[in-house]
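Novice: predicted model follows, preceded by the sequence.
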Amino acid sequence: MTAISEVVVEKRPTAQAPASAFAVNIRGRKVPALINPARDFPAWHFAMLNDQDRNRALERAISKLDLQGKVVFEVGTGCGLIALLFAKYGAKHVYTCEANSHLADIAARVISSTGLSERITLYCANSSTLIEESLLPEQPEVIFTETLDCGVVGEGFYAVARDIRRIARPDTLIMPGLIQQYGILVEAPTLAKLNRVDEACGFDISALNIFSTRSYFPVRERLYDYTPLSEPFLLHEYTYAEERPAVSGSALAYRSGTADGVLSWFEAQFGDETITNSPGTHGHWHQAFHPFNAPLEVDAKQEIALRIDNHGHIAPQVPEETRA
């Protein structure tokens, strides 16, 4: 078994913790034990790593790659699982980074418990720091990231995409490739009330609404009653390899009702494997609800023009008099 002191972890300051809290894991040094640390990363890491459909799909995608002699760069290692899979299936070397110091320390411990640590270099830093300080010794032939949330952009998608474009070669394989975001218009007062309030106990408390989410928030769609008002439609397409500015799309209503917003999901292509959080799936990802600024009355067979911005806010492009 390879000792943890042989895992290379470069220490770089992050916003998550003061410098004294950083675990420094460099060849020849031992890592102090973590004793009841305060978790400073989201709890969904547990659900993600227990999502066997996701794990199997990503392992299948990686196992199908020709990795012999190739250098891999991963953005956002978490606890090190994906880096280990790339090493397991033949990558010459895997460079991976994690900005959260606690996660970087856990990843070092996980990686060091395998026989694959000599082919993995872990940096406690974000991808921008690695690039700006020229810390990557080799240009990668494969780049992997899973910096996606339920509405695609909330895990720093655009910042990571810019970093990837700075280091990718023309022939670099980037995973995921195409990410397509779909949506449906929904009449969903129960979802709208997760983000808006009017009165309680006879008092007007609508002043709280200045803090309502304007872009989107995660929901388990199967736990709420809602009425679809349209067929699924393509909202936007994303890739880490190139910037694709948002363009106006449209949804065709198939029934009349009051549209409270858009329920969205993504389909991300990892080689020939597709990972999705579409309604009806039971993976760790939630779906995303994009509330409209105000409810919108729609008629059956009415086409509703929509525009999504880089923050995931969806605005219907309709005459003001048609709003509820």
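Specialist: Now that the structure is in, tell me what you want to look at.

Novice: any idea how this structure splits into domains?
Specialist: Split into domains by automatic domain parsing, the chain comes to 4-146, 179-322.

Novice: can you put the ones you listed in TSV and add mean pLDDT and mean neighbour count?
Specialist: Every C-beta, even on glycine, is put in place using the N, C-alpha and C of the backbone. Formatted as TSV, the domains of the chain follow (pLDDT from 0 to 100; neighbours: other CB atoms under 10 Å):
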stretch	mean pLDDT	mean neighbour count
domain 4-146	83	18
domain 179-322	93	17
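
Novice: as a markdown table, these with distance to residue 158 would be great.
Specialist: Converted to a markdown table, the domains of the chain look like this (distance: least, CB to CB, whole Å):
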| stretch | distance to residue 158 |
| --- | --- |
| domain 4-146 | 12 |
| domain 179-322 | 6 |
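
Novice: for residue 155, find the nearest of those domains.
Specialist: Residue 155 lies closest to domain 4-146 among the domains of the chain, at 7.9 Å (CB to CB).

Novice: between the domains of the chain, which gets nearest to residue 163?
Specialist: domain 4-146 (4.1 Å).

Novice: ok, and the closest non-adjacent residue to residue 85?
Specialist: Counting by CB to CB, 6 or more residues apart in numbering, residue 62 is the residue found nearest to residue 85 once chain neighbours are left out, at 4.8 Å.

Novice: residue contacts, the one you found?
Specialist: Going by CB atoms under 8 Å, 6 or more residues apart in numbering, residue 62 touches 82, 85-86, 89.

Novice: about what we covered before: nearest to residue 167, out of the domains of the chain?
Specialist: Using CB to CB, the domains of the chain put domain 4-146 closest to residue 167, at 5.9 Å.

Novice: that closest one: how far from the chain's middle?
Specialist: The chain centroid and the centroid of domain 4-146 are separated by 16 Å under CA atoms, centre = their mean, to the nearest Å.

Novice: three-state assignment of residue 165?
Specialist: Three-state call for residue 165 (DSSP: H, G, I helix; E, B strand; the rest coil): helix.

Novice: show me what contacts it?
Specialist: Residue 165 makes contact with 240-243, according to CB under 8 Å, 6+ apart.

Novice: pipe those residues into TSV and attach secondary structure and distance to residue 49 per row.
Specialist: Shown next, in TSV, are these (DSSP: H, G, I helix; E, B strand; the rest coil; distance: CB to CB, whole Å):
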residue	secondary structure	distance to residue 49
240	coil	22
241	coil	27
242	coil	30
243	coil	31
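
Novice: any chance of these in TSV, with distance to residue 106 too?
Specialist: Formatted as TSV, those follow (distance: CB to CB, whole Å):
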residue	distance to residue 106
240	25
241	30
242	33
243	33
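
Novice: perfect, that will be all.
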